[in-house]
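J.: below: sequence and its predicted model.
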There are 2 protein chains.
Amino acid sequence: MNTNRQWLLAKRPFGMVGEENFEYAENPIPEPGEGEVLVRNLYLSFDPTQRGWMEDRESYMPPVQIGEPMRAGSIGQVTESNHPDFNVGDLVQTTGGWQDFFIASPDTGLLGLTRVPEGVPADMMLSVLGVTGLTAYFGLLDLGEPKEGETVLVSGAAGATGSVAGQIARIKGCRVVGIAGGPEKCAWLKDVAKFDDVIDYKNEDVDARIAETCPNKVDVFFDNVGGDILEAALNHINMRARVVLCGGISAYNATEPVPGPVNLMNLVIMRARMEGFIVIDYMDRAQEAITDLLGWIQAGELIYQVDMQEGFENIPATLNRLFTGQNLGKQLLKIADPS
Amino acid sequence: MNTNRQWLLAKRPFGMVGEENFEYAENPIPEPGEGEVLVRNLYLSFDPTQRGWMEDRESYMPPVQIGEPMRAGSIGQVTESNHPDFNVGDLVQTTGGWQDFFIASPDTGLLGLTRVPEGVPADMMLSVLGVTGLTAYFGLLDLGEPKEGETVLVSGAAGATGSVAGQIARIKGCRVVGIAGGPEKCAWLKDVAKFDDVIDYKNEDVDARIAETCPNKVDVFFDNVGGDILEAALNHINMRARVVLCGGISAYNATEPVPGPVNLMNLVIMRARMEGFIVIDYMDRAQEAITDLLGWIQAGELIYQVDMQEGFENIPATLNRLFTGQNLGKQLLKIADPS
């Protein structure tokens, strides 16, 4: 291989992202400078937050510029190294983007450049032990502060973050109810991830089902969805409830502003808190989360699921699996196996 | 006087409260039992939260029932006492409601029954040293956590709570910007209450003016209004901002659900918090607030303003002054002078 395949951001999206927002390109493989390494991408991570990176607006990261490779978390393999800490063949994690090759250094990008720990599979590293799992861990524990015996409601519960957040709540002794779309996801949540109860928002009245499944009301709502689901949850919050705003995927592809919940005053009546967070603020505490998460996985208490697509040509289409709800668990794509 | 005049809740309101929601009645003066006192109401407090008490829905207090005197905070005078701690002639504060006479004991009602401290005027006790001032004090300081040099934005800033919250923020070394309706209120905020800047929501573009008057963004938003004002404020929150939900008067008389802000995701991007509270949770710390507030009043740093109406017959109409924005400062009504 002597070209660098790339998917560039061609056009900012209006509404649902489509293939027209990206442009395929082939460029020369770049040369690493002093202190840099050349990495070949093997696995890409797909995350709802990427939709926000495509917009030209102020956010927690600068927007991807038109003509740049689409930004994405990735695991790759070092193919040339001018950095003493990295050797050719090392598996590394970074924000490699939608391309075969890129130049990285420990100071590059969202996550810098870190070596994948020996013996940890790439799919585990990019899901439950990666940004996704850490988002669930710190969002639930630091903002949600669940206490044993409390009720934790999770939206987007079959997603990569929601499923981990809910299982951590269960491990911490809470009653856990998940909201997900369709019988397949709901069955997985109950039978495999061992949620106490589930609500199928595609086939059930969410508001009525929250009342049924959360008889002691909702102490922590871990929200990935926003919109009507957030409003329904706010109808059932308990005194001093914590609403953890992790994401709001229901509005990410909207073409018009999506109104917020009509019942924010329930936060006043119930003395409740709604709080947002971004996981990159917690990266200095990553090891704490990884140690716990790995321990729970090894003890069989925490199940994670990966939806692994394949093929460089399928990258743009794979992003939309997140927004159509096709993915069950963490959405990844394999470009190539390690050499 | 040998009858007890009352304004009873006759009909639950739909939209703006009107005189048709209340019914005038005359009933016998009740007799205090063992451990009780008979109080004659002298001053009534009017508070936006009374609108919520008229609705038949779960809240932080049970609804006022049809046929009951309308609930209201009040200061009155003991006219008969069967309780060793209270003597005839004592001025007392409680939740006496819209009536001349009522039976009270230290365990009665929202605030129990407490003696008005010697030398404190009734209008001060029912405003800046009462529930209103305590709401401002604990909401701003406990939830808002303003730090010196930060920017604090207050909506409903010329109201009884907002004006105190903003001045406390100024005393704590913050830049304070108030949002109020009309040039008279705005002039009072700048010239008398010494806010750093003001926004007249009736005559200015609130979103643009927040950007202008809060060049370092908004660290604390103390919100009494909700709706569009809350949405505009969320556009300008700083990193780790605190949004203190004190009230949402913009929606209290709405006949249809009022959508929430379209930009709740700014709470995520800015890692910000939105939190509600009810002042009755802080009543065991009232003395701490009263000591500070009285100190600031005596030092000339904290100004309070009272809008005192008069006459039992004007009680229902006076409530609506809060919702039409006619009041400047704390809305009270004098039924009678102490004997």
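T.: Structure's in. What do you need?
J.: does any part of stretch A:56-73 sit near chain B?
T.: Yes: using C-beta under 8 Å from any C-beta of the partner chain, stretch A:56-73 comes into contact with chain B via A:58, A:59, A:60. For every residue, glycine as well, the C-beta is placed using N, CA and C.
J.: give me the buried subset of these.
T.: For the residues of stretch A:56-73 next to chain B, burial is judged from neighbour counts taken by 16 or more other C-beta atoms under 10 Å in any protein chain shown, and it is met by A:59, A:60.
J.: export the residues of stretch A:56-73 next to chain B to a markdown table and tack on secondary structure and pLDDT?
T.: Listed next are these as a markdown table, based on DSSP: H, G, I helix; E, B strand; the rest coil; pLDDT from 0 to 100:
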| residue | secondary structure | pLDDT |
| --- | --- | --- |
| A:58 | coil | 82 |
| A:59 | coil | 84 |
| A:60 | coil | 85 |
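J.: what about residue A:26, neighbour count?
T.: Other residues within reach of residue A:26, judged by other C-beta atoms under 10 Å in any protein chain shown, total 10.
J.: residue A:69 against residue A:98, yeah?
T.: Yes: under the contact definition of C-beta atoms under 8 Å, residue A:69 touches residue A:98, with a separation of 5.3 Å.
J.: just to revisit the earlier point, okay, the residues of stretch A:56-73 next to chain B in CSV with distance to residue B:34 next?
T.: Conversion of these to CSV gives the following (distance: C-beta to C-beta, whole Å):
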residue, distance to residue B:34
A:58, 66
A:59, 66
A:60, 64
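J.: ok, the residues of stretch A:56-73 next to chain B vs residue B:165, which is closest?
T.: Closest to residue B:165 out of the residues of stretch A:56-73 next to chain B is residue A:58 (28.2 Å), distances taken as C-beta to C-beta.
J.: which residues sit in contact with that closest one?
T.: In this structure, residue A:58 makes contact with residue B:269, judged by C-beta atoms under 8 Å, 6 or more residues apart in numbering or on different chains.
J.: so what's whatever residue of the stretch 201-339 of chain A ends up closest to chain B bridging to?
T.: Nearest to chain B, among the residues of the stretch 201-339 of chain A, is residue A:260, at 2.7 Å (C-beta to the nearest C-beta). Beta-bridge partners for residue A:260, by DSSP bridges, are residue B:260.
J.: what's the nearest residue to residue A:279 if we skip its chain neighbours?
T.: Spatial nearest neighbour of residue A:279, excluding adjacent residues (C-beta to C-beta, 6 or more residues apart in numbering or on different chains): residue A:135 at 4.3 Å.
J.: likewise residue A:182?
T.: Here the nearest residue to residue A:182 in space, its sequence neighbours aside, is residue A:202; by C-beta to C-beta, 6+ apart that works out to 5.5 Å.
J.: so what touches the worst-scoring helix or strand of chain A on mean pLDDT?
T.: Counting by mean pLDDT, DSSP states H and E, the weakest-scoring helix or strand in chain A turns out to be strand A:114-115, with a mean of 88. Under the criterion C-beta under 8 Å, 6+ apart, residues A:85, A:86, A:90, A:91, A:92, A:93, A:94, A:106 lie in contact with strand A:114-115.
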